[in-house]
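Novice: One predicted model, sequence on top.
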Amino acid sequence: MNKDLLLYEKSRAGRRTLRLGALDVPAADTTGLPLRQSPPDLPQIGELELVRHYVRLSKKNVSIADSFYPLGSCTMKYNPLANEVAATIAGFSEAHPLLDAGRCQGALAVMKRVEEFLAAVTGLPCVTLHPAAGAQGELSALLVANAHFAARGEQARTKVLIPDSAHGTNPASAAVAGLEPVTVSSGKDGLVDVDDLQSKLGTDTAGFMVTNPNTLGLFEPRIAEICEKVHTAGALVYMDGANLNALMGIARPADFGVDMMHTNLHKTFSTPHGGGGPGAGPICVSEELGVYLPVPRVVESESGFHLETDAPESIGMLRGWSSNFGVILRAYAYMRRLGPDGVRRVAENAVINANYLRVRLRDAYHVPFDGLCMHEFVATTRHQRPGGVHAVDVAKRLIDLGHHPMTVYFPLVVNEAMMIEPTETETKETLDAFVEDMLLIADEARERPESLHDAPLSTPVGRLDEGRAVKEPVLRFRRG
Amino acid sequence: MPFIPNTDADRAELLEAIGVQSVAELFENIPAELRLAEALPVPEGISEDELMRELGELASWNSTPAGGSFLGGGMYRHAIPAVVGALQSRQEFVTAYTPYQPEASQGTLTAFFEFQTMIAELLGMEIANASMYEGCSALAEAVLMAMGLQRKRGKVVVSAGLHPHTRRTLQTILRWTRLEIIEAPLGPDGRTALGNLADADTCAVAVQSPNFVGVIEDLESLAATADGVGALSICSAYPIACGLLQSPGEAGFDVAVGDGQSLGVPVQFGGPSFGLFATSHKYVRKIPGRLVGETIDRLGRRGFTLTFQAREQHIRRAKATSNICTNNALMALRGAIYLAAAGPEGLREVAEHCLAKAQYAQREIARIPGFEPCFPDAPFFNEFAVRCPLPAREVNRAIDGAGMLGGVDLAQLHPGLGENALLLAFTELTERTQIDRLLNTLSGLSQTVTV
């Protein structure tokens, strides 16, 4: 029997899993209603076949739960199972978002405490949990900047300066916010070219978006000076908080001079990535910018907490309801475990593990910025170029050796980039096993480089023809 | 230390290999004056069992009356088959990243391909993406797509029957664009009155059905009007209703969006949910979000991969179709499992039960003196607005007093109907005894008011 059939190919008319009990009111009267002309073609599957289908699919994934997952910039740390248990507590999962405040004090208290935790970590006092993801957090913050400048009559500030090493969401979010992204170069040291930044700052600058540590895993040592220059030009500093894991408890972005930042609860605060969401991208801003944050806001008064849905200067809503509460709750469960000492230990061990891998791999692979790194570093396949081996080949071979690959071809400022972020939740033994396999691949690249082009061989499918997926698009199942 | 396996001995060994004397040395690139001298002011850490007790306590501060709930307004309590939670919670799905490495992600990718097929079928459209964050931002993204398709057109006409959060989301996003929002009011029948609002300068017409006050719109006529002026027609649908009622695609819409919460996702105080986005194949290069496509590997074996990535922010940066870089994968997976568990028959059954309960309730409520449907002749699905003889908040208080959760006080979210309008929702989980208790409570109020 072919175990790789789609649900649609297993479907047989008349089967199903969900059956309701008898209707206890008179049957529906559909007279006069606009009815469907034909039923939707959904799979018709019995319960056991349904279970087997998804269990088999799950086995075709590589996940943190089964493998080392050093995906740079994504902070693939352990996602504590207690978080998942927390999210299934009925008092939370069954709470309707329109409950009167008196009936949802527990949910509101969790939200308030997470806001306070994020304010403590970033040093930025005003926090909203509203954004559904990091990219929506970025967009929210840029709209906050827009509102701030509109209130000051400075609508001419329409440009956002963004380093060439930034995540793609930065310029994309700027564009959605109606702003014009302007690229700032990185210097030879991989850091922001402060002279280039200075030359582009002006009365038309709304903000500077900085990722710190940057996507090369390097801390920007001139960050305070950078923030000062941006402020002198009358603009705001936005920090992309994707790499907050390196800084928690060590240094606070507010002390650098940062005015606004987003945090990724699905990176730094251990909520799962879920195969591509849901995450949450709370933003933290200075006291001055707090009035512009999205609504609803959690407000505490003598009678307890409530959600404030109207605030005259707020930028408004960017999604339905207050937040991805289920994600907030998981982050809360994680934060409560850490405490002040634990927060610091997270950053320390993330940085220790990254530097250990850097030092162990720097002979076999080119490491373009080989000083101390923070929570991640970038290596390349420059040494493997003579054999025609590329970053993608290393990545695919790692899958055969039982590891999820690192991030490849990002950041764009480094050719053949392999961005490695081990996180603090891995053991030395796991790191050593990864190193051994990376060294093995380096040997293979020297001795029989062509073999690497065939990897992976152990997976359900080999390298896929991605060109065909665009040229002959098949985006849904169709009966033959 | 929780979740950190390195022992002191490990740390010493690692630091030695790195070639530094202390952890502090690793942070030397951070100027000393920027480093924290003290521990952060966060609460002391607790153990897992202490955490669970604390969460139990916090959860007990939330309370939903046990006698039944009539609260909807965009989030509904539907039955969730056990398979949904049990299969979605498999760690191989939960702890994977976005499937950028397709060979290591065929599980997630196959599930999305099936999801796209099911959502396209349900909404009656050619293609669907792998999901959005949730329904309100999905509709806003559809409007942004329309704006990109017709750059010379300056306005979007939106129905006053859109969910109020959808309208607010649109206002937030469009405030910084050149696009003007024109709101089409609801007529006395509770349906969107487009009039002559849509014209040659309109890039999109956006409606919701059933709309926020529960009324099923005349979708064919709305789609035709939009089409007549060359505007993109966008319909936000309630996916459960699509098991029985005309789909947006059947009615002629160009884009169908919606919120997927009703498909196997708990209400969770408002999120996470997932958004639906479906349209015609001709817009494939313009749509936001992730798309999964079928292809083959070198041996000709079928496989699935993210495709049309040139639309996306990690490739196209400022020129991307959207800044979105996730779908709400795990919630969409719940939706896929739910739809596969239901099948066309199951979904139709759920929809018929919702409709039957709401029809029973409306018929009986209309008999209670002082209570009348706000739109007595309008078609509805599982939710309808009632005009009460006293303010809705007082009616809700009485329902609460009888051990049930009342409806949406429309004075807050849809003020046009006055302070006495109450929106009541019914699903297959609403029991007749609960409806009868609601009727008793309303009758009691009726007598108090008329006496």
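Specialist: Done, it's in. The shown structure was predicted, so the numbers you read here are calculated from the model rather than taken from an experiment.
Novice: Going by C-alpha atoms from here, please, whenever you check contacts or count neighbours.
Specialist: Will do.
Novice: Determine the longest helix present in the chain.
Specialist: With no chain named, the answer covers chain A. Longest helix in chain A, counting residues (DSSP state H): helix A:325-361.
Novice: meant chain B actually
Specialist: Chain B, longest helix under DSSP H: helix B:329-366.
Novice: shaky segments in the stretch 251-400 of chain A?
Specialist: Along the stretch 251-400 of chain A, no part satisfies pLDDT under 70.
Novice: same thing but at 90, please
Specialist: Applying pLDDT under 90 to the stretch 251-400 of chain A picks out residues A:310.
Novice: Spatially, what comes nearest to the residue in it positioned nearest to chain B if we skip its sequence neighbours?
Specialist: Nearest residue of the stretch 251-400 of chain A to chain B: residue A:339, at 3.7 Å (Cα to the nearest Cα). Leaving aside its chain neighbours, residue A:339 sits nearest to residue B:45 (3.7 Å; criterion: Cα to Cα, 6 or more residues apart in numbering or on different chains).
Novice: if I pick the one you found, what's in contact with it?
Specialist: By Cα atoms under 8 Å, 6 or more residues apart in numbering or on different chains, the contact set of residue B:45 is A:335-340, A:342.
Novice: Using TSV, please lay out those together with neighbour count.
Specialist: As requested, those are arranged in TSV below (neighbours: other Cα atoms under 10 Å in any protein chain shown):
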residue	neighbour count
A:335	24
A:336	23
A:337	21
A:338	22
A:339	21
A:340	21
A:342	21
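Novice: just to revisit the earlier point, neighbouring contacts of the following helix or strand past the longest helix of chain B?
Specialist: The element immediately downstream of helix B:329-366 (helix or strand, assigned by DSSP states H and E) is strand B:372-373. Strand B:372-373 is contacted from outside by B:362, B:365-366, B:384-388, using Cα under 8 Å, 6+ apart.
Novice: mind running it again at 7 Å?
Specialist: B:366, B:385-388 (Cα atoms under 7 Å, 6 or more residues apart in numbering or on different chains).
Novice: now stretch A:126-145
Specialist: A:115, A:119, A:169, A:173-174, A:177, A:260, A:262-264, A:279-287, A:290, A:292-294, A:297, A:315, A:322-324, B:133, B:323-325.
Novice: Recalculate using a threshold of 6 Å.
Specialist: A:115, A:169, A:173, A:262, A:264, A:279-285, A:290, A:292, A:322-324 (Cα atoms under 6 Å, 6 or more residues apart in numbering or on different chains).
Novice: Among those, which lie within strands?
Specialist: Mapping those onto strands (DSSP state E) picks out A:262, A:283-285.
Novice: Only the buried residues of stretch A:466-475, if you could.
Specialist: Neighbour counts over stretch A:466-475 (16 or more other Cα atoms under 10 Å in any protein chain shown) mark A:466, A:469-470, A:473-475 as buried.
Novice: What number of residues are in the vicinity of the residue in the stretch 351-451 of chain B that chain A sits nearest to?
Specialist: Closest to chain A within the stretch 351-451 of chain B is residue B:356: 4.0 Å, counting by Cα to the nearest Cα. The number of residues packed near residue B:356 is 25, by other Cα atoms under 10 Å in any protein chain shown.
Novice: Was I right to think it contacts residue A:28?
Specialist: Yes. Assessed by Cα atoms under 6 Å, residue B:356 is found in contact with residue A:28 at 4.0 Å.
Novice: ok so, going back, which ones among the contacts of stretch A:126-145 come in contact with chain B?
Specialist: With Cα under 6 Å from any Cα of the partner chain as the criterion, these include A:169, A:173, A:324 near chain B.
Novice: Can you tell me which of those comes closest to residue B:58?
Specialist: residue A:324 (17.7 Å; Cα to Cα).
Novice: what about the closest one, distance to residue A:476?
Specialist: Note on residue A:324: its distance to residue A:476, by Cα to Cα, to the nearest Å, is 29 Å.
Novice: Flag every residue of the stretch 1-150 of chain A that's near chain B.
Specialist: Counting by Cα under 6 Å from any Cα, the stretch 1-150 of chain A sits next to chain B at A:16-18, A:27-28, A:34-36, A:40-44, A:57-58, A:60-64, A:91-97, A:103-106.
Novice: circling back to that earlier point, which pLDDT does the model give the residue nearest to residue A:339?
Specialist: We have a pLDDT of 97 for residue B:45.
Novice: go on, residue B:310?
Specialist: Residue B:310 is given a pLDDT of 83.
Novice: likewise residue B:321?
Specialist: Looking at residue B:321, the pLDDT reads 81.
Novice: thinking again about what came up before, so what's the residue of the stretch 351-451 of chain B closest to chain A up against?
Specialist: Contacts of residue B:356 (Cα under 6 Å, 6+ apart): A:27-28.
Novice: Which strand runs longest in the chain?
Specialist: Here I'm looking at chain A. Across chain A, the longest stretch assigned as strand under DSSP E is strand A:205-211.
Novice: ah, no, chain B please
Specialist: strand B:202-209.
Novice: what is the orientation angle of the helix or strand that it is followed by with strand B:202-209?
Specialist: Following strand B:202-209 in sequence order, the next helix or strand is helix B:219-228 (DSSP H and E). Between helix B:219-228 and strand B:202-209, the angle comes out at 170 degrees (axes from the mean of the first three to the mean of the last three Cα atoms, to 10 degrees).
Novice: Residue numbers of the stretch 201-350 of chain A in contact with chain B?
Specialist: So the stretch 201-350 of chain A meets chain B at A:221, A:250-251, A:272-278, A:316-321, A:324-326, A:336-340 (Cα under 6 Å from any Cα).
Novice: just the helices in the stretch 151-300 of chain B please.
Specialist: Per DSSP state H, counting those that start in this stretch, the stretch 151-300 of chain B carries helices over the ranges B:164-174, B:219-228, B:248-251.
Novice: Filter the ones next to chain B among the contacts of stretch A:126-145 down to the buried ones and hand me the ChimeraX line.
Specialist: The following ChimeraX line selects those of those that are buried, judged by 16+ other Cα under 10 Å:
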select /A:169,173,324
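Novice: a markdown table for the ones next to chain B among the contacts of stretch A:126-145, including distance to residue B:65?
Specialist: A markdown table is the format used below for these (distance: Cα to Cα, whole Å):
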| residue | distance to residue B:65 |
| --- | --- |
| A:169 | 43 |
| A:173 | 42 |
| A:324 | 23 |
